[in-house]
Structure formats: C-alpha cells, structure tokens
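**Student:** Sequence and computational prediction follow.
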Amino acid sequence: MRTRMSGDTKKAFKILTEAGIGSEDARFDISLIFSYLGDDDKAFDEAIAKRAAGVPVAYILGKQAFYKEEYKVTADCLIPRADTELLVEAALRSCAALSFAAGSVSDIPERQITGSPRILDLCTGTGCVGISVYNSLLPKYPQAEVIISDISDKALAVARENIASQAAAPAGIKAVKLDALTGECEEDIGTFDVITANPPYINSADMLKLDDSVKLHEPHLALEGGEDGLKFYPAIAFSARKLLKEGGVLIVEHGYDQGKTVPQTLVNAGFNNVKVLKDYGGNDRVTYGEI
C-alpha cells in the first residue's frame, strides 16, 4: 500500500509542483486524492495527471465536502466553497435553528416560524445550500419544506442526485426549474419564509483574470454576473418580494467588493433591516433583508 509522501506520492508531489501548484496546495491535493483512491495505482496516477493539467480536485473525485454533507459535483455545477456556508448559517439563524451563531451571523434576529418553514434556494447548482439548510432544520422543524431551483437542466439533474443521497428525508425537498432573472418557474411553488441565493456575481473584467482552474473548468453560467457582476440582484429582489410571506427574509451571497451595492439594491426594492455579513476571512459576503 502507498504511504503518504513516499514512493509514488513523492513523484506526484514533483509532478504537481512542476506544474506550478504551490507545495502546500500540492501536499493537500495529494492527501485528499489519496484518501479517496487509496492504493488504486492507476486511478491515483490518472488523478494526479488531471490535477497537473489544472482540473480541480472536486471534479476529479466527483465530490466536495460542504457544511455537514458531501455533495456530488460535475463540471455542470459550481464547486461548493466554504464561504458559502455562511449562507446556510444565515438561513438557519433566521429560523432560530442554529445552535451556535459565530461572527456576524449573530447580528441576524432569530425568528420563530409559525408552523413549518418553507425555504427556496435560487441558483442552486449542486443543491448544497438548500439541502444543508433542510437537514439542519429537521430536528426543530420535522415538516420543513425546501425547494431548490436552477435554470440549468444539467445542474438540476445533479441536484436531484444529491437530494437522493444527502437529504435526511428526501420527501420534503425537491428541485424545480426556475429562471432567477425572469422569475419564470415551471410550476406554482407558493410562498416562503426564507429565500437564499448564490447567483453568478463575477463581473466581465474579473472573469478574464480568474485562475485557469476556475476559468477553464467551472461553468461560466454559474460564475458571470454581467458587465458589473450585479445583473441578478435586482431581479432576485423583485421576485423575492412576490414569493416571500409577510415578515420573510431574503439572503444572498455576493462578491467581497459588492458589500455596498447589493444592500442598496435590497433597500431600493423595499427590504428592511438590511445587514451585510462578513465571511470568516473578514470580507463582505452575504446580505440579509426582511419584508
């Protein structure tokens, strides 16, 4: 059996660092690949070759850990990132279902939901936000309902697989096709207590500057938010005003440099108590608003 940083793993380290991957990142990638593939020599070597060519590890392994779950990932979906876990915590806090609120999440008021909460997740990709919220709601709200939505049929297919494999009670969550820009949906989905969204928010200029591992491999449909990166937010705010129950909340992720423009968009749309939450790196990352 292969042992870490000996034999073939030393060779793998050399391959990755010569491909321009930093030594710490190379060690982490090798450890992660090794933990999944173990002593399957052929699969290990193929994975290292793909990583040296710039393919992200999540796409090589076909999975990514996020919050308390592990999601299937394909090139049709954005890879779930740790910063987006803030969106999950904010949604749970807004339903008084987060056992411990750290950082700026504690600025969100806890709201006791009458009956069982209904949550809508827009631009869902793998479904990671909606499914993770759903699983953590169930201990307090066993009848909670979550709808996850996307415009991409391929992303929805992956999200439905993740519902089947990761949702604690799959009957309470479903995926539907919904265009976040137009608000058009394939069915009547009703109203919600909380709407979450992690829309595309990278502007056109920054798209050109992305690392090749992102620019060449992750879907641009899930990344690019127009010339200024902000084209989705007015549409989402407008739709949310119609889809939220009285007293409901909208919670959206955005870029670190959009912490003034996105909140103003929510204010202009009539949202109250608008707050900007910082991620654990200290960057503006999520905006919260109530109707």
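**Tutor:** Received it, and whenever you're ready, just let me know what you need.
**Student:** What does the pLDDT read for Thr9?
**Tutor:** For Thr9, the pLDDT comes out at 84.
**Student:** Tell me the secondary structure at it.
**Tutor:** Here Thr9 takes the helix state, with states given by DSSP: H, G, I helix; E, B strand; the rest coil.
**Student:** how close does it sit to Ala175?
**Tutor:** For Thr9, the distance to Ala175 equals 39 Å [C-beta to C-beta, to the nearest Å]. Quick note: C-beta positions are derived from backbone N, CA and C, even for glycine.
**Student:** Repeat that for Arg111.
**Tutor:** 26 Å.
**Student:** who's more crowded, those two?
**Tutor:** Set side by side, Arg111 and Ala175 show more neighbours around Ala175, with 24 against 18, by other C-beta atoms under 10 Å.
**Student:** Report the mean per-residue pLDDT for the strand or helix carrying that one.
**Tutor:** Ala175 belongs to strand 173-177 when assigned by DSSP states H and E. In this model, strand 173-177 has a mean pLDDT of 98.
**Student:** Also stretch 14-32?
**Tutor:** 94.
**Student:** tell me how far the ends of that stretch are from each other?
**Tutor:** Start-to-end span of stretch 14-32 (C-alpha to C-alpha, to the nearest Å) is 16 Å.
**Student:** List the buried residues of it.
**Tutor:** Ile15, Leu16, Ile21, Ala26, Arg27, Asp29, Ile30, Leu32 (16 or more other C-beta atoms under 10 Å).
**Student:** which one is the first one nearest to, not counting chain neighbours?
**Tutor:** The shortest distance from Ile15 to any residue that is not its chain neighbour, by C-beta to C-beta, 6 or more residues apart in numbering, is 5.1 Å, and that residue is Ala52.
**Student:** Likewise for Gly127?
**Tutor:** Among residues not flanking Gly127 along the chain, Ala159 sits closest, at 3.4 Å (C-beta to C-beta, 6+ apart).
**Student:** got the contact list for the strand holding Ala175?
**Tutor:** With contact meaning C-beta atoms under 8 Å, 6 or more residues apart in numbering, strand 173-177 is reached by 124, 127, 130-131, 134, 145-151, 153, 156, 159-160, 163, 167, 185-187, 189.
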